[in-house]
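Asks: sequence? don't have it. structure:
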Ligand SMILES: Nc1ncnc2c1ncn2[C@@H]1O[C@H](COP(=O)(O)OP(=O)(O)OP(=O)(O)O)[C@@H](O)[C@H]1O
């Protein structure tokens, strides 16, 4: 990997006396999709929340060469990191256009980019977001992070709870977004990871267990089983305990 855009070293998180992260290292590539993998409870969501300053953390976090480890969330956001959380955070009763408008952060939102990547959102701008498919809702969640000139998008399990056909739609959404802005993707759907990710990091018990090329890892049956708890040959295999 050339110089990573986001570099995390020895990240530790303690919440209510519980040690949740014990030393996470993570390099996020400056282009394309980097996947953050690991079984249920490995610490993936906590890692991205720690990067965003949403939980107390120690360790080093460098974004585009600048130290952001001590910054409060609003300043991390202002540096240009957009976060699409696990539940998508869509306002179901508001239209697509209203959901996007609420995400505008400055005077020059990038609607041209959003509509170029996701023309469907323009066509459906009046539709209540709650009536969209899971894949279209994910499109709205990602579009919101693209509106504000972000330099990195973090998407936390965008395919969670979605049907296999919709997972394919989401893969397409992520691939399209990553052509413009690098993406850190927390994901358990290994078929999706194989399709879109370049670099990957695997967490186990709050630590980094592996970093490297995502496809090489998934092609290595023994390593995939050891690190992710699954064989990787089945196209729709999920890493981690089945939900
Ligand atoms: N606020 C909290 N208080 C107590 N324990 C927590 C808290 N947040 C996370 N944990 C615990 O820390 C561990 C890591 O959780 P985290 O959500 O980061 O894992 P994950 O890899 O994202 O898992 P999943 O794939 O299930 O979303 C889990 O055992 C979880 O129960």
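Replies: Yep, that arrived. All values reported here derive from a predicted model rather than from experimental measurement. Residues are numbered from 1 along each chain as shown.
Asks: What separation is there between the residue lying closest to residue 44 once chain neighbours are set aside and the ligand?
Replies: Leaving aside its sequence neighbours, residue 44 sits nearest to residue 186 (CB to CB, 6 or more residues apart in numbering; 4.7 Å). For the C-beta atoms, the positions are set from N, CA and C on the backbone; glycine is no exception. According to CB to the nearest ligand atom, to the nearest Å, residue 186 stands 7 Å off from the ligand.
Asks: partner residues bridging residue 186?
Replies: residue 36, residue 156 (DSSP bridges).
Asks: what number of residues lie near it?
Replies: 22 (other CB atoms under 10 Å).
Asks: How about residue 75?
Replies: 11.
Asks: can you check residue 73 too?
Replies: Residues contacting residue 73 under the criterion other CB under 10 Å number 14.
Asks: Quick check: residue 176 is in a helix.
Replies: Yes. Secondary structure of residue 176 (DSSP: H, G, I helix; E, B strand; the rest coil): part of a helix.
Asks: how about the helices in the protein?
Replies: All helices of the chain, identified by DSSP state H, fall at 44-51, 73-79, 96-102, 111-117, 119-123, 134-146, 164-178, 190-196, 214-219, 221-228.
Asks: what's next to the fifth one, contact-wise?
Replies: The set of residues external to helix 119-123 that reach it, using CB atoms under 8 Å, 6 or more residues apart in numbering, is 96, 100, 114-115, 136, 139-140, 143.
Asks: would you turn those residues into CSV with neighbour count?
Replies: Compiled in CSV, the contacts of helix 119-123 are given as follows (neighbours: other CB atoms under 10 Å):
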residue, neighbour count
96, 26
100, 22
114, 22
115, 16
136, 22
139, 26
140, 25
143, 24
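Asks: which among those residues gets closest to residue 164?
Replies: Within those, the smallest distance to residue 164 is 16.1 Å, found for residue 136 (CB to CB).
Asks: what's the neighbour count on the residue nearest to that closest one when sequence neighbours are not counted?
Replies: Beyond its immediate neighbours in the sequence, the residue positioned closest to residue 136 (CB to CB, 6+ apart) is residue 120, lying 6.6 Å away. By the measure other CB under 10 Å, the count of residues near residue 120 is 18.
Asks: can you tell me how far residue 120 sits from residue 9?
Replies: 40 Å (CB to CB, to the nearest Å).
Asks: just checking, what packs against the helix-or-strand element of the chain with minimal mean pLDDT?
Replies: The helix or strand of the chain with the lowest confidence, counting by mean pLDDT, DSSP states H and E, is helix 164-178 at a mean of 86. Applying 3 or more CB pairs under 8 Å, 6 or more residues apart in numbering; DSSP states H and E, one finds that helix 164-178 contacts strand 33-38, helix 134-146, strand 183-186, helix 190-196.
Asks: Put together CSV for the ones you listed, with distance to residue 230 and mean pLDDT on each row.
Replies: Output for the helices and strands packed on helix 164-178, formatted as CSV (distance: least, CB to CB, whole Å; pLDDT from 0 to 100):
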stretch, distance to residue 230, mean pLDDT
strand 33-38, 11, 97
helix 134-146, 23, 89
strand 183-186, 17, 97
helix 190-196, 7, 92
